[in-house]
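A.B. asks: my questions concern the predicted model and sequence given below.
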Protein chains: 2
Amino acid sequence: MIRRGFQVAARLGHHRAPLGAPGILPRVAPASAFGSSTDSLVSRFCPEKTDLKDYALPNATWCPDMLSLYHEFLEKTKSGGWIKLPSFKSNRDHIQGLKLPSGLVATSDKSDWRIFTRCIQVEGQGYEYVIFFQPSKKKSICLFQPGPYLEGAPGFAHGGSLAAMMDETFSKTAYLAGEGLFTLSLNIRFKNLIPVGSLAVLNVEVEKIEDQKLYMSCITQSRDQQTVYAKSSGVFLQLQLEEESSQ
Amino acid sequence: MIRRGFQVAARLGHHRAPLGAPGILPRVAPASAFGSSTDSLVSRFCPEKTDLKDYALPNATWCPDMLSLYHEFLEKTKSGGWIKLPSFKSNRDHIQGLKLPSGLVATSDKSDWRIFTRCIQVEGQGYEYVIFFQPSKKKSICLFQPGPYLEGAPGFAHGGSLAAMMDETFSKTAYLAGEGLFTLSLNIRFKNLIPVGSLAVLNVEVEKIEDQKLYMSCITQSRDQQTVYAKSSGVFLQLQLEEESSQ
């Protein structure tokens, strides 16, 4: 089945090029990928009650900038314009009751699976981040504080750790904004190094949705917007997660 | 000093555009960045005797493909054409006795610093990888086995984990091939998902060195080359690490 997963995934890749040729994209379920409203996607991904631990909550290691901006956005969630996304240990928790498109069969042994950006569970050492999503504008803000286990050059976050944070923020935004499921491309221009322990703010926008693809942009900067850390773009393929019960 | 670090780094970014305008690149030490031979860079980065733990050695979690390809390349190191790069816990260990270009001052407290791609120390759970470098061709091969803490879609490696592995392999190659120190850009096209626990082989090449920049490419695929996982390119800025004693 994993082999079949490869083949399906391979098709995604091969059929992707050239961009803008929708007829040759992989066929999805007849209900199609694009019928779910953002509201229903959000309510599925952000359960009001759950026993799962939410890692996107403040802890003692958050720097003052991170904490105060978190509270600023939390205020904005009260008027309904913004939503704070929960962040569970694994994407398996986020998609409970759903399964990947046919062929992409996940192994289901008893391993301690973790989503990459929650791979380090010691507070403050690895990824500290929280994503806020604005459904009406299809925009996200990610507050990101890299810890000392994310180092590249001494004292600064590894470029790859920011790349992963971008991919993850794109990914959650792409899903909620339009069932974007797989990263097709990621282009990053690095401008400045992010000091370990400081706050970087990722501003993600969906630029357009066309031919089953979401085109997204991200600018990562300091809170005061005086320092741009990086600019990036990403393209995600829309695919529908199926209900487990429909098997 | 960190503020000054920002400013220097900021200059790197701003002066980068437009590419191909060497006159406005940041000034480096008079000895310039580009005088060190690959041999001297390699011998500095790959100490024959050290008490530091090398994480790029086989362990019981390596899959048979990873282990056998490791031994195949290890054979090639005996004839002198290839070098197995050691992988220490932090880049601070790799650049002992050296310091970053002026202005980029690293904090030096007692934190447990780790290079991002060695952030998870439990064998098999996170990054398992080893890089082999071929000085004469300025090429590298990275054998990469993502563990269950690197998950994105259930059962598959997070795109960001591969992005970081690419950036790290580019980075070590760029330094050894021509004192490439900072990632300026990273462009990735994802083709297939990498199943957790399996081997992905990154083939990195330096395409050209021009205007203080190294232009690099990477293709990531299965061992049998039948499945391409991703293709990428990266641009690195050349800067010289200074001797600590020259301060």
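C.D. replies: All right, it came through fine.
A.B. asks: pull the helix or strand with minimum mean pLDDT from chain A.
C.D. replies: helix A:2-16 (a mean of 40; mean pLDDT, DSSP states H and E).
A.B. asks: who are the packing partners of whatever helix or strand A:Thr77 lives in?
C.D. replies: Assessed by DSSP states H and E, A:Thr77 sits inside helix A:64-78. Helices and strands touching helix A:64-78, as assessed by 3 or more CB pairs under 8 Å, 6 or more residues apart in numbering or on different chains; DSSP states H and E, comprise strand A:83-84, strand A:127-134, strand A:139-146. In short, each C-beta sits where N, CA and C put it, glycine included.
A.B. asks: how far does it sit from its chain's centre?
C.D. replies: Between the centre of helix A:64-78 and the centre of its chain there are 19 Å (CA atoms, centre = their mean, to the nearest Å).
A.B. asks: okay, the angle between that helix and strand A:139-146?
C.D. replies: Computed by axes from the mean of the first three to the mean of the last three CA atoms, to 10 degrees, the angle separating helix A:64-78 from strand A:139-146 equals 150 degrees.
A.B. asks: report the contact partners of the residue lying closest to A:Gly124 once chain neighbours are set aside.
C.D. replies: Counting by CB to CB, 6 or more residues apart in numbering or on different chains, A:Gly124 lies nearest to A:Thr61, which is 2.7 Å off, once chain neighbours are set aside. By CB atoms under 8 Å, 6 or more residues apart in numbering or on different chains, A:Thr61 lies in contact with A:123-124, A:128, A:145, A:147.
A.B. asks: check A:Gln221 too.
C.D. replies: A:200-201, A:203, A:227-229.
A.B. asks: how much space between it and chain B?
C.D. replies: Distance, A:Gln221 to chain B, by CB to the nearest CB, to the nearest Å: 11 Å.
A.B. asks: what's across from that residue in the sheet?
C.D. replies: When bridges are called by DSSP bridges, A:Gln221 pairs up with A:Val201, A:Val228.
A.B. asks: mean pLDDT and distance to chain B added to the helices and strands packed on helix A:64-78, as TSV?
C.D. replies: Shown next, in TSV, are the helices and strands packed on helix A:64-78 (pLDDT from 0 to 100; distance: least, CB to the nearest CB, whole Å):
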stretch	mean pLDDT	distance to chain B
strand A:83-84	96	21
strand A:127-134	98	9
strand A:139-146	98	9
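A.B. asks: CSV for these, including mean neighbour count?
C.D. replies: Shown next, in CSV, are these (neighbours: other CB atoms under 10 Å in any protein chain shown):
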stretch, mean neighbour count
strand A:83-84, 20
strand A:127-134, 23
strand A:139-146, 24
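A.B. asks: and the longest helix along chain A, does that touch chain B?
C.D. replies: Longest helix in chain A by number of residues (criterion: DSSP state H): helix A:159-178. Yes. With CB under 8 Å from any CB of the partner chain as the measure, helix A:159-178 is seen reaching chain B through A:159-161, A:163-168, A:171.
A.B. asks: mind showing which ranges of chain A have poor pLDDT?
C.D. replies: Scanning chain A for pLDDT under 70 picks out the ranges A:1-35, A:102-103, A:105-110, A:245-247.
A.B. asks: pull the contacting residues for the residue nearest to A:Phe116 when sequence neighbours are not counted.
C.D. replies: The shortest distance from A:Phe116 to any non-neighbouring residue, by CB to CB, 6+ apart, is to B:His158 (3.6 Å). The neighbours of B:His158, taking CB under 8 Å, 6+ apart as the test, are A:115-117, A:164, A:167-168, B:150-152.
A.B. asks: hang on, the earlier thing: okay if I get the helices and strands packed on helix A:64-78 as CSV plus distance to B:Glu207?
C.D. replies: Shown next, in CSV, are the helices and strands packed on helix A:64-78 (distance: least, CB to CB, whole Å):
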stretch, distance to B:Glu207
strand A:83-84, 44
strand A:127-134, 32
strand A:139-146, 30
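A.B. asks: out of those strands, which comes closest to B:Ala177?
C.D. replies: Nearest of these to B:Ala177, taken as CB to CB: strand A:139-146 at 27.1 Å.
A.B. asks: can you list the strands that that closest one pairs with?
C.D. replies: Next to strand A:139-146 in the sheet, as set by DSSP bridges, lie strand A:127-134 (antiparallel), strand A:200-210 (antiparallel).
A.B. asks: dump the last one to CSV, keeping only the CA atoms.
C.D. replies: To tie it back to what came earlier, the one meant is strand A:200-210. What follows is strand A:200-210, C-alpha atoms only, in CSV (Å, rounded to 0.1, in the frame of the first residue of the first chain):
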residue,chain,number,x,y,z
ALA,A,200,9.6,36.7,14.4
VAL,A,201,6.2,37.4,13.0
LEU,A,202,5.1,35.5,9.9
ASN,A,203,2.4,37.2,7.8
VAL,A,204,0.8,34.8,5.4
GLU,A,205,-1.7,35.6,2.7
VAL,A,206,-3.5,33.5,0.1
GLU,A,207,-2.9,35.5,-3.1
LYS,A,208,-5.1,33.4,-5.4
ILE,A,209,-6.8,30.0,-5.8
GLU,A,210,-6.6,28.7,-9.4
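A.B. asks: just the angle between that strand and helix A:159-178, please?
C.D. replies: Going by the same axes, to 10 degrees, strand A:200-210 is angled at 50 degrees with respect to helix A:159-178.
A.B. asks: now the shortest one
C.D. replies: Put simply, strand A:127-134 runs at 30 degrees to helix A:159-178, going by the same axes, to 10 degrees.
A.B. asks: what's strand A:127-134 in contact with?
C.D. replies: Against strand A:127-134 from outside (CB under 8 Å, 6+ apart): A:42, A:56-57, A:59, A:61-62, A:66, A:70, A:73, A:76-77, A:81-85, A:87, A:117-120, A:139-147, A:150, A:161, A:165, A:169, A:172-173, A:176.
A.B. asks: buried among these? Need that as a selection in PyMOL.
C.D. replies: For the buried members of the contacts of strand A:127-134, the matching PyMOL selection, counting by 16 or more other CB atoms under 10 Å in any protein chain shown, is:
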select buried, chain A and resi 42+56+62+66+70+73+82+83+84+85+87+117+118+119+120+139+140+141+142+143+144+145+146+147+150+161+165+169+172+173+176
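A.B. asks: just to revisit the earlier point, among the contacts of A:Gln221, which two are most distant?
C.D. replies: A:Asn203 and A:Thr227 (13.6 Å).
A.B. asks: show me which of those two is the more surrounded one.
C.D. replies: Counting neighbours by other CB atoms under 10 Å in any protein chain shown for A:Asn203 and for A:Thr227 shows that A:Thr227 has the greater number, 21 against 15.
A.B. asks: which phi and psi does the residue nearest to A:Gly124 have?
C.D. replies: Main-chain dihedrals, A:Thr61, degrees, to the nearest 10: phi -90, psi -10.
A.B. asks: what count of nearby residues applies to the spatially closest residue to A:Asp54 that is not a sequence neighbour?
C.D. replies: Distance criterion CB to CB, 6+ apart; nearest residue to A:Asp54, sequence neighbours excluded, is A:Pro86 at 4.4 Å. A:Pro86: 20 surrounding residues under other CB under 10 Å.
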